[in-house]
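A.B. asks: missing the sequence, but the structure's below:
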Ligand SMILES: O=C(CO)COP(=O)(O)O
């Protein structure tokens, strides 16, 4: 049985005030313990967030990390710096990192490995652009991104990964993949994983991300191969985020 994960990626948004409001709202909402909830605020909030959330079941995630343990990398943050803040989850390969910051599959793999080595759960983000979808390249692109990482990891490392399918054309656009479109890609990923190792396919949590909102979450989350959501815009609004958490419960 895969435990649903609802993770709120705040991107370059949020404040100490939102952190407090979100924590209080989530605590009083009494989200079912059958759902794992994580918030992923920007770096500057992580230390405070670690303290604020330490007495709750809400997990803390980071949006990226540098693969090296330390050194002359101005502006970057390492895995051990994240764990010191209480971070348990970290995104790797978000499409904004891939396109705006030039992270290719090898750079993503290095980040996944650094996160695993530090004991964190990497959330590997994959997804195709609209152009790639229209050119019938969804399978090639998405499985290519999954394969580069999975094939480089040991069986025990793989089992600690979460994968988020985020079609680039659905991110921040208000244009959600239909439940059928999302399910189709999730089933494809799971089937590829299962061919490699049945237990891996069965156990891997596959999140959907891309304009998931309070009013479309239940339908997306009811699909058999969708095990949670990676939420952008709606994760900044406590009521909306809580509604999505409830929909997963
Ligand atoms: O990129 C996303 C989460 O990582 C999705 O963002 P939106 O929910 O704003 O479309």
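C.D. replies: Structure received. Source: prediction; values computed, not measured.

A.B. asks: which parts of this protein sit against the ligand?
C.D. replies: Residues of the chain lying near the ligand by C-beta under 6 Å from any ligand atom: 9, 94, 166, 171-172, 209-212, 230-234. For glycine as for every other residue, the C-beta is placed from the backbone atoms N, C-alpha and C.

A.B. asks: what about stretch 59-70, how long is it end to end?
C.D. replies: 25 Å (C-alpha to C-alpha, to the nearest Å).

A.B. asks: Find the closest residue to the ligand in the protein.
C.D. replies: Relative to the ligand, the nearest point of the chain is residue 232 (2.1 Å; C-beta to the nearest ligand atom).

A.B. asks: For the closest residue to that residue other than its chain neighbours, give its distance to residue 210.
C.D. replies: Spatial nearest neighbour of residue 232, excluding adjacent residues (C-beta to C-beta, 6 or more residues apart in numbering): residue 9 at 5.4 Å. Separation of residue 9 from residue 210 (C-beta to C-beta, to the nearest Å) stands at 11 Å.

A.B. asks: just to revisit the earlier point, is it possible to get TSV of the residues of the chain next to the ligand that adds neighbour count?
C.D. replies: TSV is the format used below for the residues of the chain next to the ligand (neighbours: other C-beta atoms under 10 Å):
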residue	neighbour count
9	26
94	28
166	27
171	21
172	12
209	28
210	26
211	22
212	30
230	27
231	29
232	22
233	18
234	20
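
A.B. asks: Using pLDDT, spot the least trustworthy of these.
C.D. replies: Least confident of the residues of the chain next to the ligand in the model: residue 172, at 89.

A.B. asks: what secondary structure does that residue sit in?
C.D. replies: coil (DSSP: H, G, I helix; E, B strand; the rest coil).

A.B. asks: all strands of the chain, in order?
C.D. replies: 5-9, 36-40, 59-62, 89-92, 121-126, 162-165, 205-209, 228-231 (DSSP state E).

A.B. asks: which of these sits most buried?
C.D. replies: strand 228-231 (a mean of 28; mean count of other C-beta atoms under 10 Å).

A.B. asks: and that one, what other elements does it pack with?
C.D. replies: strand 5-9, strand 205-209, helix 217-221, helix 238-248 (3 or more C-beta pairs under 8 Å, 6 or more residues apart in numbering; DSSP states H and E).

A.B. asks: What's the mean pLDDT across the top helix by length along the chain?
C.D. replies: Longest helix of the chain, by residue count under DSSP state H: helix 179-196. Averaged across helix 179-196, pLDDT comes to 98.

A.B. asks: tell me how far that helix is from the chain's mean position?
C.D. replies: 17 Å (C-alpha atoms, centre = their mean, to the nearest Å).

A.B. asks: What confidence value was assigned to the residue of the chain positioned farthest from its centre?
C.D. replies: Seen from the C-alpha centroid of the chain, the residue lying at the greatest distance (C-alpha atoms, centre = their mean) is residue 72, 28.0 Å away. Model confidence at residue 72, given as pLDDT, is 98.

A.B. asks: got the phi/psi numbers for it?
C.D. replies: Per-residue torsions, residue 72: phi -80, psi 80 (degrees, to the nearest 10).

A.B. asks: one step back: now the strands of the chain in JSON lines, with distance to residue 81?
C.D. replies: JSON lines is the format used below for the strands of the chain (distance: least, C-beta to C-beta, whole Å):
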{"stretch": "strand 5-9", "distance to residue 81": "19"}
{"stretch": "strand 36-40", "distance to residue 81": "16"}
{"stretch": "strand 59-62", "distance to residue 81": "9"}
{"stretch": "strand 89-92", "distance to residue 81": "11"}
{"stretch": "strand 121-126", "distance to residue 81": "16"}
{"stretch": "strand 162-165", "distance to residue 81": "21"}
{"stretch": "strand 205-209", "distance to residue 81": "25"}
{"stretch": "strand 228-231", "distance to residue 81": "23"}
